[in-house]
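Trainee: 3D model of this:
(chains A and B, ligands or ions: 2)
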Amino acid sequence: MDKFLQLTLTGLTSGAVYALVALGFVLIYKSSDVINFAQGEFLLIGAYLAYFFLGQLGVHWSIGVILTLILAAAMGVVIERLVLRPLIGEPIISVIMVTIGLASLLKAIVGGIWGTNPQIFPAFIPKQEVHIVNAVVTADKLWAIVIALIFLVIFTLFFRYNKEGVAMRAVADDQQAALSVGISVQKIFAWAWSIAAITAAVAGIIVANVLEVSPNLSGVGLHVFPVVILGGLDSIPGALIGAAIIGLLEAYAGGYVGDGSLAQVISYIVLVIILMIRPYGLFGKEIIERV
Amino acid sequence: MMLSLNNIEVIYDDVILVLKGMSMQVDEGQIVALLGANGAGKSTTLKAISGLLKPEDGEVTDGEILFMGEPIHNEEASKIVRKGIFQVMEGRRVFEHLTVEENLKTGAYTRKDRKHIGRDIDMVYDYFPRLKERRKQVAGYLSGGEQQMLAIGRALMATPKLMMLDEPSLGLAPLLVKEIFNIIQRINKERGVTILLVEQNARLALGIADYAYIMESGRIVLEGEPAALADNPDVREFYLGLTEVGKRKSYREVKHYKRRKRWLS
Ligand SMILES: Nc1ncnc2c1ncn2[C@@H]1O[C@H](COP(=O)(O)OP(=O)(O)OP(=O)(O)O)[C@@H](O)[C@H]1O
Ligand SMILES: [Mg+2]
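Mentor: Ligands and ions are numbered 1, 2, ... in the order given. Below is the predicted model:
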């Protein structure tokens, strides 16, 4: 029993990190149809920026986190401006290829500045042990889950009630019509990229706190892909539920099946199954066709 | 003069010349109709005014467009909406995954007086009670007529000075077209919105317009009061489908050719 609970908590923790990265992914896809293969690298940048401020400069964590998020947002805007805006009107496949290039570039920048060895992160989210029934977790893992849930609520409210949030959905539906009502599509794209960079950076800080800082962190991006395919590329709740499912499956597969190697591939098995039976994901929007 | 186009030229993709010396005027408070066959350049004209050419790689390369005396050609679409021009695009183009009410709110995106938005949503529902019944419904599942109403309602939410409608009758049943044209007239009278109406249905458009232009191959070939235009034999034949009976076919064809010739010269 306590093993099950233990694995569940572990699964939900990684699920929370996946969810944060996936939220940004969904946001970019929703507004601009672009599949951003650099989401994992956004997380990496966030983790290293936080390491730079907290570990290397030694500023107070609250200031370090704020600076990290500001820089992440700025990075999102700059990338949208320099890399994606010139590609407006180009086939979506070229844009996607560019995000793959962007991923390598960001990784190279991180390697160039901080090297490839793992670094110890000065953990500021408390790590004391918490007993839940028969299981034990560190507090930062529970915080990860709480933070992911808070972001989900903020995002949901934003898209439903905020003027810019509704505008983002309008842009996702029909760009030219959005222009015709006076929405600046470029401003919306810039918003989407910077918010995506911020949520990924939050995930990066959490992972750094729970584990360490290393170039391998960008691998989270690879797990996020099955998550968004499962949840539906354009669904915010889907991203969260998909993330929880993938996180849990990985934990259970690692804990109960063989030597744990199944945990590495389980998410891709899910991905293939989902693509076969429900290509728009569990919660993705179907294309509306009136008859 | 509220709006004037002076000799504008529009080119798509740097090579395709679509408007060639297009000139027209819209007086404040009027309903002005712009008629013409498929491909004449009516939609291009509206997009040139509203700034929507850019995403299609089109550009105003010559001439000028003045709105309330200010040049607006090649301005950003969002700036032009803020100046008070709103285009209801061809094919309705509602946001399919947004509810009716959310669609209306996007129409008010550029407005500063946000506290009046609720009141204006009610105003739109007064014009289109059917939209009120479907306010929480996703717009993609509305009927074609309801979507056209929503597109017009969304435009009203921007409180424009000039509303440009691109073929609002497209694909709608005759009775519904009548209803929509009635409402366009009411919007013009009751709310003082100037209307620029693009239509292929010349009879209906001339029925509600104060002034009309007819365009062909990228320029205006004929203009005047609707009554005068309706008397013009060319308009009667090519746009209203009225031909004098008893004429020999071959003769008519010759005449047809001559008339086209005259318009294009
Ligand atoms: N984005 C574009 N790129 C290139 N050519 C275009 C583009 N849009 C329109 N055209 C061309 O410009 C001409 C005028 O098109 P436009 O859509 O303005 O005509 P229209 O009068 O609105 O026709 P319809 O009644 O069929 O809507 C057509 O020959 C069309 O092929
Ligand atoms: Mg047209």
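Trainee: Chain B contacts on chain A?
Mentor: Counting by Cβ under 8 Å from any Cβ of the partner chain, the residues of chain A close to chain B are A:89, A:163, A:166-167, A:169-170, A:172-184, A:285, A:288, A:290. Placement of C-beta: from N, CA and C, glycine included.
Trainee: Are any of the residues you listed buried, and if so which?
Mentor: The neighbour-count criterion (16 or more other Cβ atoms under 10 Å in any protein chain shown) marks A:166-167, A:169-170, A:172-184, A:285 among those as buried.
Trainee: out of these, which are inside helices?
Mentor: Residues of these located in helices (DSSP state H): A:166-167, A:169-170, A:172-173, A:175-180.
Trainee: Which of these sits closest to residue A:230?
Mentor: Comparing those against residue A:230 with Cβ to Cβ places residue A:172 closest, at 19.9 Å.
Trainee: so what's that closest one scoring on pLDDT?
Mentor: Taken from the predicted model, the pLDDT recorded for residue A:172 is 87.
Trainee: That one reaches residue A:31, doesn't it?
Mentor: Yes: assessed by Cβ atoms under 8 Å, residue A:172 is found in contact with residue A:31 at 5.2 Å.
Trainee: Disregarding flanking residues, what is the spatial nearest neighbour of the residue in the stretch 51-200 of chain B positioned nearest to ligand 1?
Mentor: Each residue of the stretch 51-200 of chain B has a distance to ligand 1, by Cβ to the nearest ligand atom, and the smallest belongs to residue B:56, at 3.6 Å. The spatial neighbour of residue B:56 that comes closest, neighbours along the chain excluded (Cβ to Cβ, 6 or more residues apart in numbering or on different chains), is residue B:12 at 6.6 Å.
Trainee: Give me the local confidence score for that neighbour.
Mentor: Residue B:12 is assigned 96 on the pLDDT scale.
Trainee: Equivalent analysis for residue B:252, please.
Mentor: Model confidence at residue B:252, given as pLDDT, is 49.
Trainee: Ok, the one 3 residues further on next?
Mentor: We note a pLDDT of 46 for residue B:255 in this prediction.
Trainee: returning to what we had before: counting neighbours, what do you get for the residue of the stretch 51-200 of chain B closest to ligand 1?
Mentor: Summarising burial for residue B:56: neighbours were counted as other Cβ atoms under 10 Å in any protein chain shown, giving 14.
Trainee: Would you map the helices across chain A?
Mentor: Using DSSP H, the helices found in chain A span residues A:2-32, A:39-50, A:61-79, A:92-114, A:139-161, A:163-173, A:175-180, A:185-210, A:220-231, A:236-256, A:262-277.
Trainee: Which one of those helices lies nearest to residue B:214?
Mentor: Among those, if distance is taken as Cβ to Cβ, the winner is helix A:175-180, at 25.3 Å.
Trainee: Residues touching that closest one, excluding its own?
Mentor: A:167, A:170-171, A:185, A:188, B:50-52, B:55-56, B:77-78, B:81, B:86-87, B:89, B:93-95, B:106 (Cβ atoms under 8 Å, 6 or more residues apart in numbering or on different chains).
Trainee: Which of those fall within helices?
Mentor: Going by DSSP H, the helices hold A:167, A:170-171, A:185, A:188, B:50, B:77-78, B:81, B:106 from the contacts of helix A:175-180.
Trainee: from those residues, which single one is nearest residue B:228?
Mentor: residue B:50 (28.8 Å).
Trainee: Just confirm that closest one contacts residue B:82, I think it does.
Mentor: No: the pair residue B:50 and residue B:82 does not pass the contact test of Cβ under 8 Å, sitting 11.9 Å apart.
Trainee: So if I had to pick from the two, which one is more boxed in?
Mentor: Counting neighbours by other Cβ under 10 Å for residue B:50 and for residue B:82 shows that residue B:50 has the greater number, 25 against 16.
Trainee: residues contacting the more buried one?
Mentor: For residue B:50, the residues meeting the contact criterion (Cβ under 8 Å, 6+ apart) are A:180, B:77, B:80-81, B:85-87, B:164.
Trainee: burial count for residue A:69?
Mentor: As a burial measure, residue A:69 scores 20 neighbours (other Cβ under 10 Å).
Trainee: can you check residue B:24 too?
Mentor: A count of nearby residues for residue B:24, using other Cβ under 10 Å, gives 20.
Trainee: for residue B:161, same thing?
Mentor: With neighbours defined by other Cβ under 10 Å, the count for residue B:161 comes to 18.
Trainee: residue ranges with poor pLDDT in the stretch 151-265 of chain B?
Mentor: For the stretch 151-265 of chain B, the stretches with pLDDT under 70 are B:242-265.
Trainee: What residues does it have near chain A?
Mentor: For the stretch 151-265 of chain B, the residues found near chain A under the criterion Cβ under 8 Å from any Cβ are B:154, B:158.
Trainee: wait, isn't the residue of the stretch 51-200 of chain B closest to ligand 1 in contact with residue B:47?
Mentor: Yes: distance between residue B:56 and residue B:47: 7.2 Å, which falls inside the contact criterion (Cβ under 8 Å).
Trainee: what residues does stretch B:2-10 touch?
Mentor: By Cβ under 8 Å, 6+ apart, stretch B:2-10 touches B:17-28, B:41, B:44-45, B:48-49, B:53, B:58-68, B:73, B:85, B:161-162, B:194, B:196, B:218.
Trainee: So which of those are in helices?
Mentor: In this view, those that belong to helices under DSSP H are B:44-45, B:48-49.
Trainee: Compare the residues you listed and tell me which is most surrounded.
Mentor: In terms of neighbours by other Cβ under 10 Å, the ones in helices among the contacts of stretch B:2-10 top out with residue B:45 at 29 neighbours.
Trainee: List the contacts of that residue.
Mentor: Each residue near residue B:45 by Cβ under 8 Å, 6+ apart is listed here: B:5, B:10, B:19, B:22, B:24, B:34, B:198, B:215.
Trainee: Name the helix or strand for the spatially closest residue to residue B:63 that is not a sequence neighbour, please.
Mentor: On the basis of Cβ to Cβ, 6+ apart, the spatially nearest residue to residue B:63 that is not a chain neighbour turns out to be residue B:8, at 3.5 Å. Applying DSSP states H and E as the criterion places residue B:8 in strand B:3-12.
Trainee: Check residue B:35 too.
Mentor: strand B:31-36.
Trainee: ok so, going back, closest one to ligand 2 out of the ones in helices among the contacts of helix A:175-180, please.
Mentor: Closest approach between those and ligand 2, by Cβ to the ion: residue B:50, at 13.1 Å.
Trainee: contacting residues for the one residue in the stretch 1-150 of chain B that gets nearest to ligand 2?
Mentor: The stretch 1-150 of chain B approaches ligand 2 most closely through residue B:43 (3.1 Å), counting by Cβ to the ion. Listed by Cβ under 8 Å, 6+ apart, the contact set of residue B:43 reads B:90, B:166, B:198.
Trainee: would you say the last one is within a strand?
Mentor: Same thing as residue B:198. Yes: using DSSP: H, G, I helix; E, B strand; the rest coil, the secondary structure at residue B:198 is a strand.
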